[in-house]
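# Make a model of this:
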Amino acid sequence: MTATDSTVTTGTTGTTDTGDAVATFGTESLTERLFGAVLATLDLHAVYLGDRLGYYRALAAEGTALTPGELAERTGTAERYTREWCEQQAVTGILEAGDEPDDIARRYALPEAHRAALVEVLSLDHVVPLARFAVGCAKQSDLLAEAFRTGGGVSWAQHGTDAREGQAAANRPMFLGPLGREYLPSVHDVDATLRGGARVADVGCGHGWSAIGIALAYPEVTVDGFDLDEPSIEAARRNAVEAGIADRVRFHHADAGSADGTYDVVFAFECIHDLPDPVAVLRAMHGLGGTVVVMDERVAETFTAPGDEIERLMYGYSLVCCLADGMAHEHSVGTGTVMRPDTLRGYAREAGFADIEILGIEDDFFRFYRLVR
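All right, here's what the predicted structure looks like:
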């Protein structure tokens, strides 16, 4: 459930060798690792505040160093809190601090090298949305603990705005960038169909960035996006208007089974693992006709412990959000974020497809499948 190609590297942690695993995750090193995680968690919350309160954007727009008082004035915040935030950000190495000895007069600047991560929303290195998502999910820890006890769930609606908007913003750079410029053009028959003016369905469209990215990359297509989350559909409609393509991209607060007619290409981007009944949705996608493409997490093909950073990331997402969302609905299959290819293959075959084909699209976080009829 992430957006960039460069934020997380693979294969740098964990091993399948038992002896190495003990050495890597032994008591002393685990203590150090968890202490580092505490520091990282506190940094994450500070980054969340910096983004939510507009501190980073104000520093970037100013282009010069500001005192805490000047930054507070520009963002409508309290100087004392702003000063503490600036000092923390400098101590942790995110902001640059001047050498003024006076705490109030000291100036702080946003380094050029940190702009992409913090303020450039279309950069593949923009990771602030992940902070917003993580903090948003953490707010529901009490509900999550209760779900663990009872077998219930915590829905996206319960997670609220931070989780929903953080997730959408995290995927936005990829959907508006490589998806239409590199990934889909590399699948030649799909690319040709889209260039020919295809009718496209985007199932589980969220805030609509995937549909918008496809429409911007392929000026002849029309796209119908479907999602059951009303706030997401409202946001998607606003985003389409701002992108200038609302005449070709329509969003529906409905499931894919309500679609009229058939489509040339049907997509489901990073949503199948969230669904309580993925087979029913895949069966509806089968009925829409055309080529069916699913994008979901690039998890390992088999369970291996310890796992690499991608595997750790996806299990973390599953624990704090995706599994609980799926379990928030009756009769859920409880897939969770870590949906391996064989799991999708089983769902696809039950839905009426013959098999799945893994497409040769290289992305650190996502795997693309064609569902074979």
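# Tell me which stretches of the stretch 1-150 of the chain form strands.
The residue ranges that make up the strands of the stretch 1-150 of the chain, judged by DSSP state E, counting those that start in this stretch, are 96-97, 108-109.
# would you list the ones you listed in JSON lines and tack on mean pLDDT?
Output for the strands of the stretch 1-150 of the chain, formatted as JSON lines (pLDDT from 0 to 100):
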{"stretch": "strand 96-97", "mean pLDDT": "98"}
{"stretch": "strand 108-109", "mean pLDDT": "98"}
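# Need the winner for burial among those.
Neighbour counts averaged per stretch over those are highest for strand 108-109, at a mean of 21; criterion: mean count of other CB atoms under 10 Å. C-beta: built from backbone N, CA, C; applies to glycine.
# List the contacts of that strand.
With contact meaning CB atoms under 8 Å, 6 or more residues apart in numbering, strand 108-109 is reached by 59, 64-68, 71, 86, 89-90, 95-98.
# quick one: it to chain centroid distance?
Taking CA atoms, centre = their mean, to the nearest Å, the mean C-alpha location of strand 108-109 is offset from the chain mean by 29 Å.
# cool, and stretch 54-68?
Going by CA atoms, centre = their mean, the spacing between the C-alpha centre of stretch 54-68 and its chain's C-alpha centre is 27 Å.
# From the opening residue of that stretch to its closing one, how far?
13 Å (CA to CA, to the nearest Å).
# if we can go back for a sec, closest one to Gly54 among the strands of the stretch 1-150 of the chain?
Distances from Gly54 to each of the strands of the stretch 1-150 of the chain were compared by CB to CB, and the smallest falls on strand 108-109, at 14.5 Å.
# With respect to Leu179, which of the contacts of strand 108-109 is nearest?
For the contacts of strand 108-109, the minimum distance to Leu179 (CB to CB) is 30.7 Å, reached by Leu59.
# just checking, the closest one touches Glu70?
No. Because the distance of 10.0 Å does not satisfy CB atoms under 8 Å, Leu59 is recorded as not touching Glu70.
# Please identify which of those two sits among more neighbours.
Counting neighbours by other CB atoms under 10 Å for Leu59 and for Glu70 shows that Leu59 has the greater number, 28 against 18.
# Of the contacts of strand 108-109, which one scores lowest on pLDDT?
When the contacts of strand 108-109 are compared on pLDDT, Thr64 comes out lowest, with 93.
# List the residues that contact that one.
Residues touching Thr64, when contacts are defined by CB under 8 Å, 6+ apart, comprise Ala109.
# cool, the one 10 residues further on as well?
Residues near Arg74 by CB under 8 Å, 6+ apart: 54, 58, 62, 66.
# What about the contacts of strand 108-109, which are in helices?
In this view, the contacts of strand 108-109 that belong to helices under DSSP state H are 59, 68, 71, 86, 89-90.
# Check the separation of the first and last residues in stretch 112-124.
16 Å.
# hmm, who's touching it?
With CB under 8 Å, 6+ apart as the contact definition, stretch 112-124 has outside contacts at 3-6, 47, 50-51, 56-57, 60, 94, 110, 125-128, 169, 172-174, 176-178.
# in it, what's buried?
By neighbour count on 16 or more other CB atoms under 10 Å, the buried set for stretch 112-124 is 114-119, 123-124.
# next one: stretch 329-346
By neighbour count, and taking 16+ other CB under 10 Å as the criterion, the buried residues in stretch 329-346 are 332, 335-341, 343-345.
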